[in-house]
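J.: any chance you could fold what I've pasted below:
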Amino acid sequence: MELLDLCYDVLIRILQELDPEDLANCSHCCRSFNSFIKGNRRLFRILYLERFDDPRRHASDAEPHWEKHLPILVKCQKILQSDNFDVKKLHFDFVTSTVESLLKTSSDKPQPSLNISFLAEAFKSPRNVDAFLCRSSLFARAETEWRTPAKTEEQRQLSAKLHCHYGSSVNPTGRRSSSPHPYARSYVYDLRNYTDKTQWGPFRTDGSLFVDWEMVEAIMIVLAYNMQIFSERAGGRFKPVWGAPFDGVANNNFSTPYPLALPEEPEIPLQARDPYDISGTWMRVVCFLDYNDLYAFNFTSSPVAGDEPRVPLYTEEAIRLIVMKLKVTKIEAPSQFDNPSLPIVHFAGSSRSLDSAWDPNANSRIKGHVRLTPEGEVRWTTVSIFYGGEERWRSEGVQVGGICSKRGVVGSWFDKDYDVHGPVGPTAFWKLGDQATKVRSWMGSTSTSESESESESVSDSL
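T.: Numbering: from 1, shown residues only. Predicted structure coming up:
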């Protein structure tokens, strides 16, 4: 009996044991094989779902064109596996768009995501990191043999975005001149980057409110570097963030289409209607330069042209870890100038320093709101309120990975009056959960009585 004489189900079972990249070779064996494989949706679906997450999020979603999508992923995989760096650079746009698609359709369920596992394995290759994640403008200064900026602005933005999704563990070791964090710090503390058009946040300078991923990338590098140093000095008690490749970037996409069809009775609680999952306990990190250092860096150093970056900044920063307890207070429809896909959700709560309880600037009430940008990114605005109702600090940030992403929000803090002389600095926050006890697990286990006492006082203050 010939192979093609087998019944349909048996033949499908045999072919699904093939690697998808071998399917094309198999289809070229003979005309009959080609007829069987070409357009065989069942076969392509099986091979796809064995290796990647189902891109459908809702039961009502249309069935994907498996026979179209699988060859795209196979091509991407071959490029990522190639040893030819020029091939990778030639296919930069194709690979980055495919990776972005895989991230958008990655599973947010408790079990490991097949898409994230595939990408994490592929980007163990330093060549892939260099070719796709280290092509922003930052690497025009922190340049190595393989890390050079992409040719166009959009390519540099896309590379920075993928770097933010990947995490912070791509920094080279060795020569000080190739380390990106002094150049990232220079960019973050350059006051020229904070204007009305950027809303003093990580947005582009054209006033579009499109995310400036190169700024987000620089902030992430600075915060991750500072958190690593802080963790080492604290005996590993505070765990650095963004260390695992693509960890926590799967978004929820809000399982129920919005707007909700709400019955008149009973009234649904605000928290249940919040698509951004705001209410709960959040960990925040804030970094800042001594104001004298910030002022000297911006106003007393050698003048530079408007389009030229400032010198690399090696000055050490201060760092604060803050626990925020947030609760939704109001939900309103987006205005005519907002993205209409989701509402604007307001929140309020408390902000308490975890490591420097004596610092009055870290302990306050807090309020803010979350909304979508015109391009569909999640924008967070916070305002810190001190004694007597004084509003002092604001922040603007974007949620890396999208709605409800566990990676959290990355952005900048600044004076509420938008003072052109500062201060400003980087900040990020991510949700620990709905219970204050999650703070202990994030801090890491320790046997010292001092740490146990501090953890108890933190929980009590919440």
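J.: how about L47, nearest residue that isn't a chain neighbour?
T.: In this structure, L47 finds its nearest non-sequential neighbour in P20, 5.0 Å apart by C-beta to C-beta, 6 or more residues apart in numbering. Where you see a C-beta, it was placed from the backbone N, CA and C, and this is true even at glycine.
J.: look at that neighbour and report its pLDDT.
T.: If you check P20, the pLDDT there is 82.
J.: could you pull up phi and psi at it?
T.: For P20, the backbone dihedrals are phi -60, psi -30 (criterion: degrees, to the nearest 10).
J.: what of V378?
T.: Dihedral pair for V378: phi -90, psi 120, per degrees, to the nearest 10.
J.: next, count neighbours for the residue nearest to L47.
T.: Number of residues near P20 (other C-beta atoms under 10 Å) recorded here: 18.
J.: I'd guessed it sits against L70; true?
T.: Yes - contact criterion C-beta atoms under 8 Å: P20 and L70 qualify, at 5.8 Å.
J.: show me whatever sits in contact with both of the two.
T.: Shared contacts of P20 and L70 (C-beta atoms under 8 Å, 6 or more residues apart in numbering): L47, Y48.
J.: per-residue confidence for A244?
T.: For A244, the predicted pLDDT is 88.
J.: distance check, it against N128.
T.: Distance from A244 to N128, counting by C-beta to C-beta, to the nearest Å: 16 Å.
J.: OK, contacts around the residue nearest to L47?
T.: Counting by C-beta under 8 Å, 6+ apart, P20 makes contact with L47, Y48, R51, L70, L73, V74.
J.: which stretches in the stretch 301-450 of the chain count as strands?
T.: Secondary structure of the stretch 301-450 of the chain (DSSP state E, counting those that start in this stretch): strands at 318-332, 344-353, 364-372, 378-386, 390-399, 409-415, 424-433.
J.: mind putting those strands into CSV with mean neighbour count?
T.: As requested, the strands of the stretch 301-450 of the chain are exported to CSV (neighbours: other C-beta atoms under 10 Å):
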stretch, mean neighbour count
strand 318-332, 18
strand 344-353, 20
strand 364-372, 20
strand 378-386, 20
strand 390-399, 20
strand 409-415, 23
strand 424-433, 23
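J.: out of the ones you listed, which is closest to D190?
T.: Proximity to D190 (C-beta to C-beta) singles out strand 424-433 among the strands of the stretch 301-450 of the chain, at 9.3 Å.
J.: quick one: D130 and A150 touch, right?
T.: No - counting by C-beta under 8 Å, D130 does not reach A150; the two are 11.8 Å apart.
J.: which residue comes closest to I79 once chain neighbours are left out?
T.: Sequence neighbours aside, H91 is the residue nearest to I79 in space, at 5.0 Å (criterion: C-beta to C-beta, 6+ apart).
J.: the one you found: how many residues sit nearby?
T.: Each residue near H91 was counted by other C-beta under 10 Å, and the total is 19.
J.: that one contacts L80, correct?
T.: No - checked against C-beta under 8 Å, the pair H91 and L80 is beyond contact range at 9.5 Å.
J.: ok, back up a step: of the contacts of P20 - the most surrounded one?
T.: Neighbour max across these (other C-beta under 10 Å) = L47, 23 neighbours.
J.: surely that residue touches A24?
T.: No - if you go by C-beta under 8 Å, L47 and A24 don't touch, sitting 11.8 Å apart.
J.: picking up where we left off before, with distance to F337 added, can I get the contacts of P20 in JSON lines?
T.: Shown next, in JSON lines, are the contacts of P20 (distance: C-beta to C-beta, whole Å):
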{"residue": "L47", "distance to F337": "45"}
{"residue": "Y48", "distance to F337": "40"}
{"residue": "R51", "distance to F337": "42"}
{"residue": "L70", "distance to F337": "41"}
{"residue": "L73", "distance to F337": "38"}
{"residue": "V74", "distance to F337": "43"}
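J.: could the residues you listed go into JSON lines alongside secondary structure?
T.: Formatted as JSON lines, those follow (DSSP: H, G, I helix; E, B strand; the rest coil):
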{"residue": "L47", "secondary structure": "helix"}
{"residue": "Y48", "secondary structure": "helix"}
{"residue": "R51", "secondary structure": "helix"}
{"residue": "L70", "secondary structure": "helix"}
{"residue": "L73", "secondary structure": "helix"}
{"residue": "V74", "secondary structure": "helix"}
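J.: low-confidence ranges, the stretch 51-200 of the chain, go.
T.: Where the stretch 51-200 of the chain drops to pLDDT under 70, the residues are 143, 170-178.
J.: quick one: the helices in it?
T.: Per DSSP state H, counting those that start in this stretch, the stretch 51-200 of the chain has helices spanning 66-81, 85-90, 92-104, 114-122, 126-128, 153-166, 181-188. These are given in chain order.
J.: mind checking which of the ones you listed is nearest T205?
T.: Nearest to T205, of all the helices of the stretch 51-200 of the chain, is helix 153-166, at 11.1 Å by C-beta to C-beta.
J.: and the closest one, which residues are buried?
T.: Q155, R156, Q157, L158, S159, A160, K161, L162, H163, C164, H165, Y166 (16 or more other C-beta atoms under 10 Å).
J.: which residue packs closest to the third one, ignoring adjacent ones?
T.: The one in question is Q157. With sequence-adjacent residues excluded and distances taken as C-beta to C-beta, 6+ apart, Q157 is closest to W213, at 4.9 Å.
J.: check the one you found and give its pLDDT.
T.: 98.
J.: any idea how far D355 is from A305?
T.: For A305, the distance to D355 - C-beta to C-beta - is 40 Å.
J.: ugh, wrong one, L102
T.: From L102 to D355 the distance is 37 Å (C-beta to C-beta).
J.: CA atoms of stretch 74-87 as PDB?
T.: The C-alpha trace of stretch 74-87 is given here as PDB (Å, rounded to 0.1, in the frame of the first residue of the first chain):
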ATOM      1  CA  VAL A  74       7.900  29.400   9.500                       C
ATOM      2  CA  LYS A  75       9.600  32.100   7.400                       C
ATOM      3  CA  CYS A  76      10.200  34.200  10.500                       C
ATOM      4  CA  GLN A  77      11.600  31.200  12.400                       C
ATOM      5  CA  LYS A  78      14.000  30.400   9.600                       C
ATOM      6  CA  ILE A  79      15.300  34.000   9.600                       C
ATOM      7  CA  LEU A  80      15.700  33.900  13.400                       C
ATOM      8  CA  GLN A  81      17.600  30.600  13.100                       C
ATOM      9  CA  SER A  82      19.900  31.900  10.400                       C
ATOM     10  CA  ASP A  83      23.500  32.600  11.200                       C
ATOM     11  CA  ASN A  84      23.600  35.300   8.500                       C
ATOM     12  CA  PHE A  85      23.400  38.700  10.100                       C
ATOM     13  CA  ASP A  86      22.800  40.500   6.800                       C
ATOM     14  CA  VAL A  87      19.700  38.200   6.200                       C
END
